[in-house]
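[1] Let me see the structure of the following:
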Amino acid sequence: METAVSIPGARWFRIASWMHVLVALGHTLGNFGPGRQVPTPEESQVYDAMAQLTMRFPGPRHTLMDFATGWSVSMGLLYLGFGAVNLTLEHALRKEGRGVPAPVSFVNALVSLGGLIVAALYFSPPPLPFLAAAVICFGVASARSRKAAP
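    Numbering: from 1, shown residues only. From the prediction side, this is the model:
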């Protein structure tokens with residue numbers, strides 16, 4: 001029976017990647033799932049107005065509500081994809097006995113930091129702890145991988 005090889009930073013990288021998957025699931029369920037909040041009468045008025053406002057894009061007619069919904073679904077898919085691709089990469093490299101290169105973790109930390117800043121400025125608080133954890137964990141993964149590199 002083989003013993004598992006310890007790869008510096010690998011666990012931190014996986015935790016950070018899972019944070020993005022959780023943000024994606026929380027975002028999607030929170031916005032489109034069965035437990036989402038019922039809009040207030042004021043919110044319903046805004047949503048109705050958004051559904052009436054046609055965006056001036058080339059191609060078929062789309063409303064501001066279509067745009068907002070599409071943007072939201074896209075963001076959920078992109079966060080899910082970001083986390084899933086990173087988990088897949090880390091798994092493939094670990095099977096070869098290698099870790100994720102420090103620069104990859106560093107870039108992921110920067111992307112996560114950008115997402116954290118945007119979320120803090122423009123969105124509601126629920127994703128903030130997950131994105132902050134991703135920034136920290138990718139940063140630790142980068143530092144540990146760099147320290148262990150020959």
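
[2] List the contacts of Arg14.
    Neighbour list for Arg14: Leu87, Glu90 [criterion: C-beta atoms under 8 Å, 6 or more residues apart in numbering]. Heads up, the C-betas are built off the backbone N, CA and C, glycines and all.

[3] what's the distance between the strand or helix carrying Leu89 and the middle of its chain?
    Here Leu89, judged by DSSP states H and E, is contained in helix 64-95. In this view, helix 64-95 has its centroid 6 Å away from the chain centroid, taken as C-alpha atoms, centre = their mean, to the nearest Å.

[4] residue ranges of the helices in the protein, please?
    Ranges of helices in the chain, per DSSP state H, are 10-32, 41-52, 64-95, 102-122, 128-148.

[5] circling back: which other helices and strands contact the helix holding Leu89?
    helix 10-32, helix 41-52, strand 54-55, helix 102-122 (3 or more C-beta pairs under 8 Å, 6 or more residues apart in numbering; DSSP states H and E).

[6] Tell me which of those sits nearest to Leu93.
    Of all those, it is helix 10-32 that lies closest to Leu93, at 8.3 Å by C-beta to C-beta.

[7] Just the CA trace of that closest one, in CSV.
    C-alpha atoms of helix 10-32 as CSV (Å, rounded to 0.1, in the frame of the first residue of the first chain):
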residue,chain,number,x,y,z
ALA,A,10,-2.0,21.4,-1.7
ARG,A,11,-4.5,21.3,1.1
TRP,A,12,-4.7,25.1,1.2
PHE,A,13,-5.2,25.2,-2.6
ARG,A,14,-8.0,22.7,-2.4
ILE,A,15,-9.7,24.6,0.5
ALA,A,16,-9.5,27.8,-1.6
SER,A,17,-10.9,26.1,-4.6
TRP,A,18,-13.8,24.7,-2.7
MET,A,19,-14.6,28.2,-1.4
HIS,A,20,-15.3,29.3,-5.0
VAL,A,21,-17.5,26.2,-5.5
LEU,A,22,-19.5,27.2,-2.3
VAL,A,23,-19.8,30.8,-3.5
ALA,A,24,-21.2,29.5,-6.8
LEU,A,25,-23.7,27.2,-5.1
GLY,A,26,-24.7,29.8,-2.6
HIS,A,27,-25.1,32.5,-5.2
THR,A,28,-27.2,30.3,-7.5
LEU,A,29,-29.4,28.9,-4.8
GLY,A,30,-29.8,32.2,-3.1
ASN,A,31,-30.9,33.9,-6.3
PHE,A,32,-32.8,31.2,-8.1
